[in-house]
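Novice: Provided below for reference: sequence and predicted model.
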Amino acid sequence: MSRPIPSGDYVEHFDPELPHHRAWLLAVLEQLVAHDPQALEEGGTLRRLWTARQEAGSAVATPSPSPSPPAGAPSKGNPLSVPWFAQLDSATDQARRMCFSSSCAMLLAFLKPGVLTGFNGDDQYLARVRQFGDTTDAAAQIRALASYGIKARFTSRASFATLEQKFAAGIPVPCGYLHRGPISSPAGGGHWLIVVGITQTHVIVHDPLGEADLVDGTTIGGTARFCRYTRANFGRRWMVEGEGSGWAVLAER
């Protein structure tokens, strides 16, 4: 039986500067995600608290990568326990443009636990990518993953059915979408995140840049782990040319 998490003093006197208070908040959120994913629903009170705490001077420290099942193990849970990497803490000069690499690094860290280490595991993966090309180059990403023993392919014809098929096999999916401009007219150079779970109404994502406002086309920021986006909003930005036109990296075990 797991030990109960003390709550009385923390709720009333939460201090973001105290490591054990931050650890408590992270533990509570992990339990909520595991037992009640809708607790972090877009627009919900807890989601607003979580975002506000993070925006207030990095109130909650970046968590360490989540534990992953052994390579080849069957899927356990929805969402999957995919590690999260933040692109903006990169020690390189690529922080603002490495969302594709950070997303694929999360895929690699899930399928090959222990290959990438520490908070900046995506920097280690980026170094491998740059042996094959630029961080924005899909071919370089596929070759980098292959160098770690991950067979994957890039597609511009993915759909929600594609995601469901991959999740049935226990594999998360990096996806590229247009994250700027209003929802009625998506724009921008594109952004990558990784879908770690899916329901009938939502996709659940890790975003290396931070939580997105899909309606307005802005970035809220924060530690964007297990963010829930409606299929309707995400689909309009992901499949801008119609059903089955989504950009994605599809990996195999």
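Specialist: Nice, I can see it. It should be emphasised that the depicted structure is a prediction, and the values quoted were computed from it without experimental measurement.
Novice: for residue 228, what are phi and psi?
Specialist: Here is the backbone geometry of residue 228 (degrees, to the nearest 10): phi -110, psi 120.
Novice: next one: residue 245
Specialist: phi -120, psi 20.
Novice: how near is the closest residue to it other than its chain neighbours to residue 90?
Specialist: Leaving out its chain neighbours, the residue that sits closest to residue 245 by Cβ to Cβ, 6 or more residues apart in numbering is residue 239, at 4.7 Å. All C-beta spots, glycine's among them, are computed from the backbone N, C-alpha and C. For residue 239, the distance to residue 90 (Cβ to Cβ, to the nearest Å) stands at 29 Å.
Novice: could you do residue 193 as well?
Specialist: 16 Å.
Novice: looking at these two, which has the bigger crowd around it?
Specialist: Taking neighbours as other Cβ atoms under 10 Å, residue 193 and residue 90 compare with residue 193 leading, 28 against 20.
Novice: check which helix or strand that one maps to.
Specialist: strand 191-198 (DSSP states H and E).
Novice: go through that strand and flag the buried ones.
Specialist: By neighbour count with 16 or more other Cβ atoms under 10 Å, strand 191-198 contains the buried residues 191, 192, 193, 194, 195, 196, 197, 198.
Novice: OK, contacts around the fourth one?
Specialist: In this structure, residue 194 makes contact with 82, 103, 104, 106, 107, 172, 173, 174, 175, 205, 206, judged by Cβ atoms under 8 Å, 6 or more residues apart in numbering.
Novice: determine which two of these are furthest apart.
Specialist: 104 and 205 (14.1 Å; Cβ to Cβ).
Novice: and the two? Which one has more around it.
Specialist: Shown here are residue 104 and residue 205; by other Cβ under 10 Å, residue 104 has more neighbours (31 against 27).
Novice: I figured residue 152 hits residue 250, correct?
Specialist: Yes. Between residue 152 and residue 250 there is a contact under Cβ atoms under 8 Å: 6.3 Å.
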